[in-house]
Structures are given as C-alpha cells and as structure tokens.
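> give the three-dimensional model of this entry:
(chains A and B)
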Amino acid sequence: MQHLVIIGNGIAGITTARNVRKQSDMKITVISSETKYFFSRTALMYIYMGHMRFEDTKPYEDWFWEKNRINLIYAHVDKIDTYNKSLSLNNGGSITYDKLVVSTGSHSNKFGWPGQELPGVQGLFTKQDLDMLEQNTQNVKNAVIVGGGLIGIELAEMLHTRGIHVTFLIRENYYWDNILPKEDSQLICKEILQHGMDLFLKTNLKEILAGDDGRVRAVTTENGDEIECQFVGLTPGVHPNIDVVKDSNIETGRGVLVNDYLETNIPDVYAAGDCVEIKATKEGASNRFEQLWYTGRMHGEALANTICGNRTKYERGIWFNSAKFIDIEYQTYGFVSNVQREGEQTFLWQDEMMKHSLRIVYRENDKSIVGINVFGIRLRHKIFEEWIRDKKTVDYAVQNLLQANFDPEFFKKFEPQILEAFKKQNSETEKAFA
Amino acid sequence: MEPLKIENLKIYKPNNNLELIKKTGLSILAFGFLMLFVSLTGISATAPLLFLFLSFGLIIIGALIYIIPTYKESPPGIKNNKIFFNTFTSRGSIALFIGIIITGFYILLYWFPNLLVNWIRLLDPISYNLRGIKADQWFLYGTFYTIAVLVMGVRMLIKYRHNRYQIIRTLSVMFFQLGFAYLIPALLLKLNQPEFYFSYFWPLHYDYLFPNTVHYLIEHPGGLGYFMVFWGAVLTFVATPILTYFFGKRWYCSWVCGCGGLAETAGDSYRHLSNNSLKAWKIERWMIHSVLVFIVVTTALLWINSAMKGAVLGDVSLTFSKVYGFLIGSIFSGVVGVGFYPIMGNRVWCRFGCPMAATLGIIQKFKSRFRITTNGSQCISCGNCSTYCEMGIDVRAYAQRGENIVRASCVGCGICSAVCPRGVLKLENENPNQRVNFEG
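As a prediction, this is how the structure comes out:
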C-alpha cells in the first residue's frame, strides 16, 4: 500500500489528507509539531478573547481521524531524505513515504529591528504564539502593534478585549493600503479609532527598548517619538516556512517552488498552502504566494486529485476573500486593485456612518464588472462569481444587487440608496462629457 | 507626530462612571434579593406593598440599571468577550451556585409550595388586580418567569442592537410571554373563564388534549371553552404543519414558545454550553422521540379509557399520565430544563425532551422551506456557529463543506448567522427543492 506523508496539519495539509481518503485507500500520515489535532488557525483570536476554547476551534472531533484512518503524529520533522524517501523526526524516529506533501505554513516576518527578540515582543501565527501571548500580556496596560495587515488588526482587537490600550503603528498611508483602495481603508481606520485605539499612519518603528527588568519598556519611531508599552506585537506579514526543506534537494525560492500542479522538482514530493511559491508560467509575471485559508483549502483539493492519479492543475478560479475588521465584515469577489488600473472605472458608495461600503470596479469599454469590495453588507458568493464570470455590466449588478444580498432577514436594505447613488454618479459623468 | 484623528467621531473608551452605575445597579439588585429572602419569614405581611416593591421592584430596577448602560461600553457588534473565562458563564463556581438555587426553587415550587407561602402572599395585590383571586404557587412561578423574560429580554435587545432579526425575535418572545402566557390567562380568570394559555399546545402542554381538560373546557359555562378546545386542536393539527412548512420550527420555538422565550433571554448567557458532539446528537434523537411516543401513547390511552368509561384499562392510563407529569412535565422540563441552564446550556429541555419540538422537528426535516443557507466557500471553520448553537448542532460541519443546514433540532434563533465573522450563514424560507445541496 502506498504511504502518503503530509508535513503540517493546517488547512492545506488536512484538506489534502481528507480528500485523498475520499478517493483512495492509501495509508495516510500527518505530522505536526504544533498540535496533535487540526484546529482552525483563523479562530486563534477567539480563544484569547474568550469566545471559544481551544477544543471548539477543532473542526473535527478527535475520533474522526482514526475512523478515517488518518494517522496523526505529534512530532517535528528534522530532515527530509528524498533519495531514501524517508523523514527523520525530532523524537528519534524516522518514517518512510511513497508520496510526500510539504504544507508547513508560514513564519511571522521580522525586519531586524533592534530589540525584536526582547521578552514581551512577538508575532502571532501559531498556537505556541497564542500561548506565549497569554503569558506576555499579563498585567500589560499599553501595547504597540507594528504592521497594518489582517493579523495586526486581529491582534489589536484581541488585546482591546483584555482592556489593554493599543497603539497601532502603520508604515503605509492608510491601513492595509497595499490591498485596499483609500476610501475602503479609511472606513477601517475609523473603526480602529472608534474602539479607542491610537493609530499612527506613515510611521516606522525604529527600535524596541528594554527596561531594567530586561522586558520591553517602550518603542521609538523614526520620527523620534517614544511610546511607552509593556508589549509589542510584530505583525508586518508572514513568509513561507521552508525550514525543513532548506537542507534537502527540494528546490526553494522564498517558498517551496512548485508548478501549477503543486509538484516540486522532486518526483512524488508536493507542496501546498502558505509555504509554496508557485512558479510563474507567463513571461513577465512573478511567482505567486497565496497565504490565505481559502487558497490553502483549494490547494489541498487540487493536490489530492493529483496524488490519487488524476493530475489536476490548481486553478484558483474567480478570486474571493473575506475578513472582519473588529466589527466590520468584509468580502471581496473578483479583483479590486488598491489603485485604479488603466482601462477600469469605479463605482463607490459609502453610508454616512462609514459602517457600510460597496465598491464595484468595472471595465471602461464594456462596463463589465472586474471585482467588488463590500463592507458591512453580506453578499452571495455564487451570484457574484457568476456575474463576474459572465461579464455582467455594472448597471446590471447595481440594479440586481438585492438578488445577491445575504444579510439576515429584516436587516436594513441599502440597495435603493446604492442605486440612487449610482444613477447620480452616472448623470454627473454624462454631464461632464456633454 | 500625532495619532490620526477624525472629527465628530464617537469614541468608546473605558468609563469609570459607567462602572459606578453598573455597580449601583448590582447593589440594588442584591438588596432586592435580600428583601425577597427576608419576606420568606412572613414579615412582609406587615407592609405588603412596601415589601413587594423592596423585593420584586428593586430586583427589576437593579437589574435594569446594571443592564442598560452596557450599550455605552462598546460599539454594537458581537462581543462574546471572556465568556469562557467568566465563572458565571463557564461552568465555574457562580454557575454552579446559580444552578443549585434555580434547581432548588423548582423543587420547592413543585413539591413544597407551602415553604414559599410568604412569597405567594407577597404577590396577592398583583394577583387580585389581575386575576381577581389570591395568588398561588403558579402565579408566583409565572411572575418570576415573566420578569426573567422581560428583564433579560432587554439585555438581549441591547446585546444584539445591531441585528434586526434578533431585535424583532426578542420582542416577539417578550410579547408572547407577557401577553399570552401571563396577562391573558390572568384576565380570563378574572372574567370567570378557564385559565387558558393560547400560546401553548399539545403535546408541549400535554393535558390540553387530555379528555379531562377537554371535558372541563366544553362544560364550562359561556362557550369560550369550545373555542379553546377548537383553538388547541387547530393549532396542533392544522397550523403547526402549515406554519412549519413555511417558516420552519422557529415560528414557534424561538418566536412564541415560553420555554424558548426563557431560553433565548435569561438563558442566552449559557447557549455555548450545549454539547455539540456527535454522541450528544445520538442521545438527543433517542430521548426526544421517546418522549414524543410516551405522550402520544398516554393521550391515546386516556381517550380509549374515557370512551370505554374505564371498563378495559382501569387505572392504567391514569398512571401513565401521572408518571408522564412527574417525570417529564415536572422533573425534565422544569427542574432539569431550567435548573441546569448554567451547566448543560439553555435548551436542555427543548433539545432532549420537548415533544412539541420533536413534532415540529420531524416536519422541519422532511417538509419545510426553512434552511440555513451556506454562502459558497466563505467558511473559515472557526467554530463560532457550532459553539454558540444552543441546540448543539455542529453547524460548522455543514458550513465548511458549503452545505446548507437542514436539521430537525434547529430552532432558528439565528445566532449562528449573527456570530459568523465571514457572513456565511443565512436563515431562509425558500424553494424547498433547493434546500439540500449536498456536494460530498
């Protein structure tokens, strides 16, 4: 019987394992040194906030793995030997495989700031990070968070629920503005301020200072300010965790290099999830890093087919993503660039309270929609996927928006307002051309 | 360098005045409870209205003073912060304490009401006004119950002030408790009519279709009794299937029912304690359907016996109904159903015992437009939905597969949809043919 070994039990590795089991009887082993059982990484924040316990974040009950004959090993892989197809584990054991999947996830970025290794300074990615956060934030009154991405705002919300005052340092002009257009980002900036946090834009961290006890005491910025704090969260993004493959002959760049089939340069060795770097196939395009829950799951689904003999290209289809910025839910379908691209137009509606926002980006020539960013309104995934695939026009989308509404019953409907704003914008455009 | 500022923005910051107001409320509440216990001695007879105010009055006022300012603490949104750290809500010592108090209260109420006689006397003024007769243990119970639903309903309204489904639904359960389960039955008594609860039907209110009750209602002078029997039968056999077909079980369980009303208001802080393992689901299916069979058999036996004038079955059917009343009616639905809120969650009775929920569930499962729709592939498997499902449904197991949720036990409270951080879940009554979208 073939033996499939998967390193890493995150969403990519586990989706691979589950989908292989659906199609095949091969022996499956999943190795992780983070936790024995699969949990939802996106839910770590809720454990700290007291919304859930760790066991509530496990998507499958513990009996599930044995029942589905997925063997779990709680250990760290030290070395991959692709010649003998064997792995050595930190508990002294070794294990041989016929097929290997590397799905080791990410590491938090650190940019060599002085003081970044001090006690009381950390990132947030693993379960171990969460446990450390619990220790590090005992008796903390003021915290500084450096880096305005998704993990940064989650960490801010987490600390806020413990009564810790948060100061947010963001290098960019606006929160997450390498992804979000300015007005969308402003909505989130407002949300951050409303919760009583301080937000410094265009501010770079210079140094983290230690107190007499050796723990973090303050940070200084490149503008020369000093901000007192007993905790520093470093959340300037993540990079692929390739520690275990570095010393093997598996080809790496910044991540584990794979083709569109998630195959590495070594036969029978694959990679999936955050840790991969997908080689560009088109001339001039750059390699892709996909470090989202959803992409991890889609990698796993495609890869399982390939492993079971039905070689399947990973295609991410029409892009989608979602997040929650403290109290504001966000969904995106298709592609919305942070800065409007050549040949594209934008329709934007925001409510007065800056709690709801809808942006549709469409092509100038045929008015077909390219993408949508929506805040505070839930939209149906399937409908927008269809509309974008079928190149529906922006007029069609705005007029039929109610069809796509996914808010709970009785919620206020903003669609009439949105349609009104759309008509107004159109008539202004016409006037401008007249 | 200055932090970003936005003009005229309402900012929520820790507020000492608010803490002071809340503590004042708690003190008044505690004093009210103290006076309530003092009243047990009978001293309240010396000044009934004063003690009524000092106990029941101050409990309500204190609780509201504590609850109402919470809306100023943080912007509207899902704030289940520290629920699993708080000893009150995480099966800690305070939870145990409250569980014992409530359980004890039910035991006294059902089997030793004479020990509560001074509380009952305390309510005489209200009872005379509303019902025209003196108070009894059930009026005491009804008053406590209604206060709990209304006061904790206010808490629910504030907690979910951003969610109109929750607001309307909470107002509905408050309305039905106050009107249909408290004022109308009281008014009927005052008018010399049978005390009748129009919001309860067989098999939940199991004796409404027992021969004794039916005969009593029909024979009651005035003719209103005929309407009550008609109402009860129509609601059970006609309205229930129709309404459940169109709206799912929720039209009753989380919008009208008194048991549901208490669970959704006073019990809201305990919804995350419902066990959502597969094992619990298996036990649930056995138990709830057994109770349904038990009550159907009991009712049938009573009617056969009544028709035969006791010739064949003798006392057997009476024994059946007595055992049912003791085991299910009192112990299960009352003592365990509410007393164990802080330990087993707020829907123990509804989930494992209620025969009405069982019938509604069967209809909902097999013939209804209701479902919880999953939004494409947006689920992140976080588990908030499963954790906060009071019926212990593993909602995530469906959502993460992109599958709609069609389950007999779902009462349609809508909290899974509310706590979902990615907008994945929506309660809908739509085309029944597209209800199940199993993709494997």
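> from here on, contacts and neighbour counts on C-alpha atoms
Will do.
> tell me who's in contact with the spatially closest residue to residue A:96 that is not a sequence neighbour.
Take residue A:96 and drop its neighbours on the chain: the residue closest to it by CA to CA, 6 or more residues apart in numbering or on different chains is residue A:86, 4.1 Å away. For residue A:86, the contact set (CA atoms under 8 Å, 6 or more residues apart in numbering or on different chains) comprises A:80, A:94-97.
> output those residues as a markdown table; include the columns pLDDT, secondary structure and neighbour count.
What follows is the contacts of residue A:86, written out as a markdown table (pLDDT from 0 to 100; DSSP: H, G, I helix; E, B strand; the rest coil; neighbours: other CA atoms under 10 Å in any protein chain shown):
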| residue | pLDDT | secondary structure | neighbour count |
| --- | --- | --- | --- |
| A:80 | 98 | strand | 23 |
| A:94 | 96 | strand | 14 |
| A:95 | 97 | strand | 14 |
| A:96 | 98 | strand | 17 |
| A:97 | 98 | coil | 21 |
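> out of those, which comes closest to chain B?
Of all those, residue A:97 has the smallest distance to chain B: 28.2 Å, by CA to the nearest CA.
> report pLDDT for residue 403.
Picking chain A for this. Listed pLDDT for residue A:403 reads 96.
> right idea, wrong chain: chain B
We have a pLDDT of 95 for residue B:403.
> how many neighbours does it have?
Residues near residue B:403, counting by other CA atoms under 10 Å in any protein chain shown, number 23.
> that one: which element?
Assessed by DSSP states H and E, residue B:403 sits outside every helix and strand.
> how far away is it from residue A:68?
In this structure, residue B:403 and residue A:68 are 20 Å apart, going by CA to CA, to the nearest Å.
> next, count neighbours for residue 139.
Went with chain A since none was named. Residue A:139, neighbours per other CA under 10 Å, totals 11.
> look at chain B instead
Neighbour tally, residue B:139, other CA under 10 Å: 19.
> ok, it - contacts?
Applying CA under 8 Å, 6+ apart, the residues contacting residue B:139 are B:120, B:127.
> tell me how far it lies from residue B:182.
9 Å.
> repeat for residue A:225
Taken as CA to CA, the span from residue A:225 to residue B:182 is 64 Å.
> mind checking which of these two has more residues around it?
A direct count of neighbours by other CA under 10 Å for residue A:225 and residue B:182 places residue B:182 higher, at 20 against 14.
> my read is the more buried one is in a helix, agree?
Yes - assigned with DSSP: H, G, I helix; E, B strand; the rest coil, residue B:182 falls within a helix.
> distance between the ends of stretch B:401-417?
16 Å.
> which residues in chain A form helices?
A:11-23, A:44-49, A:63-67, A:127-136, A:150-161, A:182-194, A:243-246, A:293-307, A:381-389, A:394-399, A:401-404, A:415-433 (DSSP state H).
> packing partners of the last one?
By that I understand helix A:415-433. strand A:344-350, helix A:394-399 (3 or more CA pairs under 8 Å, 6 or more residues apart in numbering or on different chains; DSSP states H and E).
> in chain A, which residue is closest to the centre?
residue A:292 (3.7 Å; CA atoms, centre = their mean).
> what parts of the stretch 51-200 of chain A come near chain B?
With CA under 8 Å from any CA of the partner chain as the criterion, the stretch 51-200 of chain A meets chain B at residues A:51-53, A:56-61, A:161, A:163, A:190, A:193-196, A:198-200.
> thanks again, I'm all set now.
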